[in-house]
Structure formats: C-alpha cells, structure tokens
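**Student:** What shape does this take:
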Amino acid sequence: MKHSEVRNTIVRTASNLFYEQGYNLTGINEIIAEAGIAKATLYNHFSSKEDICVAYIQYKNQVFLHEIGLYCYAKPKGDKQILGIFDFLQQFFKGDGFHGCWCLNTVSEIPSDNQKILVEIQKEKREFLKFIEKLIAANREGMEEKQAESLAKQIYLLYEGAVAESHLYKQDWPIKMAKHMATQSLK
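**Tutor:** Numbering: from 1, shown residues only. Next comes the predicted model:
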C-alpha cells in the first residue's frame, strides 16, 4: 500500500472511532487494530494521538464542506441555497450515526491548554463561517459587506446551536426552529 493510502486509512479509521466513541475513549491500539496496521506504521505517519486528532478534524471538515457545498449550490438560487445548510443538517441528523459536531465533541474532551487541537478546531469553524458568507454573497447581491458578515454570523450561530441541541435532545426540532429563525433573519 502506498504511503498516502496508509495515512488515509489511519485518518479514516481514527475519524470513525473518534466520532462514534469520542477522542478520549479511543486508544491508539484500537486505531491500529481497526486499521489493520502495525504500531510502527502508525508512528511513521503520526507522532502522537494529538496529531491524529488534528488530521481527523481536517478530514471531517474537508468532507463536510465539500458535501454541504454540493448540496446547497444544487438548490435554486436565492434564500433556498442559504437555508440549504439546515436541510443538509436535517438529512445528516436523520442518517445513521449522527453524533453532533465532531469539533464541539472534541473540544469538550481536550484539556483547555491544548492549543494544537483548539487552534485547528477554530480554523475549521472559521472556514464554515466563510462558506456561509460566500453563500450569502452569491445569493444576496448588493448587500453591504458588513451586513453580509453579520447575517452570516447569525446563521452560523443558529446552525451550530441546532447541531448541538439536536444531538442533545435526539430530536430534530432544534434544526426546524433554527431554519425558521434564519428565514426570519433573511427577510
């Protein structure tokens, strides 16, 4: 197997385990066993569990931004594209294995002084906020930049709250309510 394929196998395996079980409950030996690799192979690619976690956050975010982008931009132009983020979340929630936000789950498990993982999570969240800003810019021509940034932050907070609360309650009403509130913000 090629070097990059082995690395991708480790990242995908760790991603599944971290997302399903949590960062702290997933051990290095479990990742090694699930990936079907030797311990030395894992350490040839990653120097620590923390480095695997950073790769996990990057991987999940890359897949997420790609998928939500395809979903939203396939919607009719206008508010439907912007509100598509909530429809996407609704489908994610109803699918198998919804465990909330991988970033928020991870940040709740790491020590507060773990800057390496925290900085990566903040970077990924900023990228999602930028995605929402781009959606607004593409669908709200003529809107002033400051107004678009403010609207993007409102929608971002509604989305993030919907993810957390739908995970907490194991119900989709937070997603529906957040979409309704975002609809009101777009008026």
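**Student:** buried sites along stretch 130-149?
**Tutor:** By 16 or more other C-beta atoms under 10 Å, the buried positions in stretch 130-149 come out as Phe131, Ile132, Glu133, Leu135, Ile136, Asn139, Arg140, Ala148, Glu149. Any C-beta I mention is one placed from the backbone N, CA and C, and that applies to glycine too.
**Student:** Check stretch 4-18 too.
**Tutor:** Val6, Arg7, Thr9, Ile10, Val11, Arg12, Thr13, Ala14, Ser15, Leu17, Phe18.
**Student:** Please flag which of these sit within helices.
**Tutor:** In this view, the buried residues of stretch 4-18 that belong to helices under DSSP state H are Val6, Arg7, Thr9, Ile10, Val11, Arg12, Thr13, Ala14, Ser15, Leu17, Phe18.
**Student:** what's near enough to touch the residue nearest the centre of the chain?
**Tutor:** Residue closest to the average C-alpha location in the chain (C-alpha atoms, centre = their mean): Asn61, at 4.8 Å. Counting by C-beta atoms under 8 Å, 6 or more residues apart in numbering, Asn61 touches Cys103, Glu124, Glu127, Phe128.
**Student:** can you do 6 Å?
**Tutor:** Glu124 (C-beta atoms under 6 Å, 6 or more residues apart in numbering).
**Student:** There's contact between Ile57 and Glu120 in this structure, I believe.
**Tutor:** Yes. With contact defined as C-beta atoms under 6 Å, Ile57 reaches Glu120; the gap is 5.0 Å.
**Student:** that older thread, in a markdown table, list the buried residues of stretch 4-18 along with pLDDT and distance to Leu168.
**Tutor:** Below are the buried residues of stretch 4-18 laid out as a markdown table (pLDDT from 0 to 100; distance: C-beta to C-beta, whole Å):
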| residue | pLDDT | distance to Leu168 |
| --- | --- | --- |
| Val6 | 95 | 37 |
| Arg7 | 96 | 34 |
| Thr9 | 97 | 32 |
| Ile10 | 98 | 31 |
| Val11 | 98 | 28 |
| Arg12 | 97 | 27 |
| Thr13 | 98 | 27 |
| Ala14 | 98 | 25 |
| Ser15 | 97 | 22 |
| Leu17 | 98 | 22 |
| Phe18 | 98 | 19 |
